[in-house]
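K.L.:
Predicted coordinates and the sequence they were generated for:
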Amino acid sequence: MKSGLVNAIVVGGLMGVAGYAALFIAPDESTMHAIQRIFYFHAPSGMVALIAFTVVFVANIAYLGARKPKWDWLAVSAAEVGIAFNTVVLITGPIWAHPVWGIWWTWDARLTSTLILWLLYVSLLILRNLISDPERRSVFTAIYGIFLFLDVPLVYFSIRIWRTQHPQPVIFGGQNSGLDPTMKKVFWFCWIVLVALMVVLIRMRYQLESARHEVEEVRRELEEAVQEGEVVAGN
Amino acid sequence: MNTGRAAAAILRKEIRAELRGRELLNTTFIFALVVVVLFSFAFEPTVAESRRFGPGLLWIDLLFAGSLMLQPSFAREHANDTLDALCLAPVSGFAILLGKMLANFVFLAACEVLLLPVFSVFYNVSLAPVMGKLVVVMALGTIGLVVTGTVFSAIAAQARMRELLLPLLLLPVLVPLLLAAVEATAGLLADTPEFSRTWLEILVSFDVVFFTASWLLADYLLQE
C-alpha cells in the first residue's frame, strides 16, 4: 500500500511537470496559439485509452484460459481506466474544436470512432453490473469484452471509409506532419506520463477490486457459519 | 453426432416450436412495419428524399427488429431451464449455437422477405432490377446481425434487465455492419446502380471475424 502512495505522488509530480511543459516549454503554434496546447493531453489520452482496452482484451482471454479471478479484476480495472481516458479525449476535443473549427462536434472519422469506442466499453461495464453471480459475471463479460475488441478495427476502418466517401464539413489536415522538435519532445513526455498515470490508476482500482472480493468471501463464510449455528441451536 | 447434424436438429426444433404459435415472426414483422410507418410520419420524405434515406431506414428498422427478435432466443430456454437440458446433449456448444443462429437467420430472413415489398411501395423504390445483388447484401448483413445477436442473446439471458440489455450490447457493436450495409444498399438503389466492393468486403470481414469468434468461444458461452 505504501509503494502505491509513493507511485501516486511520483506520477502526480510528473503530471505537474507535463502540464508545465505543455503550457510553457512547447513553442506557440502559429495559427491556433494557446488552444493548441490542449493537444499534449488530448492525443496521448486517446492512445492511452487504446492501450488500456488492449489490456482488457488480454485479461479477458487470460481469464477464460485460467479462470483466475485476478484476470477479471485486471479486466474491469483497465476497462474503467480506459473509459476515463476516453472521456478525457471526448471532453478536450470539443474544447479545442469550438474556437478552431467554430463548432463543438462534427461527425469526422476520428471523433466518431472515439465516441463509438466509449459507447462499446460503457456497455461492457453496464453488462457487468447486471449479472449477479460472480463467476458467471466474469465469464460473460470476458466473452463480450473479446467481441468488443474484435469490433474496434472494424469500427475504425468502416468509419474511415464512410467519411472519405462523404463531403467533410470541416477540412483539417496535417495533424502530425512537420511537428516542431520541441513540440515532439513535449508530446512524447506527456504520453509517457499519461501511461504511468494509467498504470497507477489500474493498480489502485485492481487493489480495490481484490479487497472487495475479500470482503465478499468473508461475508459468505460468516453467513455460512451463522446458518450452521442456527442448525445447531435448532437441534 | 457431428456438428452439422446436431445443428440441423436444433434448427428443426426451433422452427417446429416457432410454427406452433408463430409468435416471434408475427410480432417481429408487425414491429418492423410499425417502424417503417413511423419513420414516414417523422420525416415526411419526398420521392427524392425517400431514395436518399430509404436504405438507412431499412437497416435501422432491421437492426431494431433483430435486436428485439433475438432476445427470446436464449431467454425462452431460460424460463423452463431447458438450456441446461440442451447443454447435456452429447454435442459441442458450437453445434447448439450454430443451430440457434441458423434458426434466427431463417426467422429474420422471413421477416425481410415480407418487409421488402412493403418498403418498396411506401418509399417508391423499385427493387426488381437489382434484386440479385440486393439479396447478397441483405444476406451478408443478416448473417452478421444474427451471429453477434445470437451470442449476445446468450449473454444477456444471464443478466437482469435482459430485454433492455440486448439492444444495448448489440447496437454499438453493429456500427460497422450498419455503415457497410446501408452504403452498399444505397449504392444499389442509386440512379446508376453501383455494387460497392469495399462495403461488401467490410460486411464479409464482419461476418467472418464474429463467426470465427463465436466458434472459438461457444464452449465458454454454453458450459455455464
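P.N.:
Sure, I can see it.

K.L.:
which residue packs closest to the residue nearest the centre of chain A, ignoring adjacent ones?
P.N.:
Centroid check for chain A by CA atoms, centre = their mean gives residue A:82 as the closest residue, at 0.8 Å. Once flanking residues are discounted, residue A:82 sits nearest to residue A:52: 3.2 Å by CB to CB, 6 or more residues apart in numbering or on different chains. Bear in mind the C-beta positions are built from the backbone N, C-alpha and C, glycine included.

K.L.:
can you check residue A:35 too?
P.N.:
residue A:99 (5.2 Å).

K.L.:
What separation is there between residue A:64 and chain B?
P.N.:
To chain B, residue A:64 is 5 Å away according to CB to the nearest CB, to the nearest Å.

K.L.:
For that residue, give me its contacts.
P.N.:
Residues in contact with residue A:64, defined by CB atoms under 8 Å, 6 or more residues apart in numbering or on different chains, are A:139, A:142, A:143, A:146, B:217, B:220.

K.L.:
buried sites along stretch A:102-114?
P.N.:
A:108, A:109, A:111, A:112, A:113, A:114 (16 or more other CB atoms under 10 Å in any protein chain shown).

K.L.:
among those residues, which are in helices?
P.N.:
The helices, defined by DSSP state H, take in A:109, A:111, A:112, A:113, A:114 from these.

K.L.:
could I get those as JSON lines with distance to chain B and pLDDT?
P.N.:
As requested, these are arranged in JSON lines below (distance: CB to the nearest CB, whole Å; pLDDT from 0 to 100):
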{"residue": "A:109", "distance to chain B": "11", "pLDDT": "83"}
{"residue": "A:111", "distance to chain B": "14", "pLDDT": "87"}
{"residue": "A:112", "distance to chain B": "9", "pLDDT": "89"}
{"residue": "A:113", "distance to chain B": "9", "pLDDT": "91"}
{"residue": "A:114", "distance to chain B": "12", "pLDDT": "92"}
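
K.L.:
name the helices or strands packed onto the helix or strand hosting residue B:210?
P.N.:
Assigned by DSSP states H and E, residue B:210 falls within helix B:197-222. In this structure, helix B:197-222 makes packing contacts with helix A:134-164, helix B:93-122, helix B:131-156, helix B:175-189, judged by 3 or more CB pairs under 8 Å, 6 or more residues apart in numbering or on different chains; DSSP states H and E.

K.L.:
can the ones you listed go into TSV with extra columns for distance to residue B:163, mean pLDDT and mean neighbour count?
P.N.:
Formatted as TSV, the helices and strands packed on helix B:197-222 follow (distance: least, CB to CB, whole Å; pLDDT from 0 to 100; neighbours: other CB atoms under 10 Å in any protein chain shown):
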stretch	distance to residue B:163	mean pLDDT	mean neighbour count
helix A:134-164	17	92	20
helix B:93-122	17	93	20
helix B:131-156	8	95	23
helix B:175-189	21	94	24
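
K.L.:
Just the pLDDT for the residue nearest to residue A:82.
P.N.:
As predicted, residue A:52 sits at a pLDDT of 97.

K.L.:
what's near enough to touch it?
P.N.:
With contact taken as CB under 8 Å, 6+ apart, residue A:52 is in contact with A:78, A:79, A:81, A:82, A:85, A:198, A:202.

K.L.:
Throw these into a markdown table and include pLDDT and distance to residue B:8, thanks.
P.N.:
Output for the contacts of residue A:52, formatted as a markdown table (pLDDT from 0 to 100; distance: CB to CB, whole Å):
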| residue | pLDDT | distance to residue B:8 |
| --- | --- | --- |
| A:78 | 97 | 41 |
| A:79 | 97 | 39 |
| A:81 | 97 | 46 |
| A:82 | 97 | 42 |
| A:85 | 97 | 47 |
| A:198 | 94 | 49 |
| A:202 | 95 | 46 |
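
K.L.:
Those: which two are farthest apart?
P.N.:
Comparing every pair within the contacts of residue A:52 by CB to CB identifies A:79 and A:198 as the most remote, at 12.1 Å.

K.L.:
what about those two, which has more around it?
P.N.:
residue A:79 (27 against 22; other CB atoms under 10 Å in any protein chain shown).

K.L.:
That one contacts residue A:125, correct?
P.N.:
Yes. Between residue A:79 and residue A:125 there is a contact at 6.3 Å, judged by CB atoms under 8 Å.

K.L.:
Count the neighbours of residue A:62 for me.
P.N.:
Residue A:62: 17 surrounding residues under other CB under 10 Å.

K.L.:
Identify the residues contacting it.
P.N.:
Per CB under 8 Å, 6+ apart, neighbours of residue A:62: A:68, A:71.

K.L.:
Against residue B:96, how distant is it?
P.N.:
26 Å (CB to CB, to the nearest Å).

K.L.:
just residue A:30 next, same as before
P.N.:
63 Å.

K.L.:
And for residue A:224?
P.N.:
35 Å.

K.L.:
Equivalent analysis for residue B:74, please.
P.N.:
When residue B:74 is compared with residue B:96 (using CB to CB), they lie 10 Å apart.

K.L.:
Can you pull the residues of chain B lying near chain A?
P.N.:
Residues of chain B lying near chain A by CB under 8 Å from any CB of the partner chain: B:148, B:151-152, B:155-156, B:158-161, B:165, B:168-169, B:172-173, B:175-176, B:179-180, B:183, B:198-199, B:202, B:205-206, B:209-210, B:213, B:217, B:220-221, B:224.
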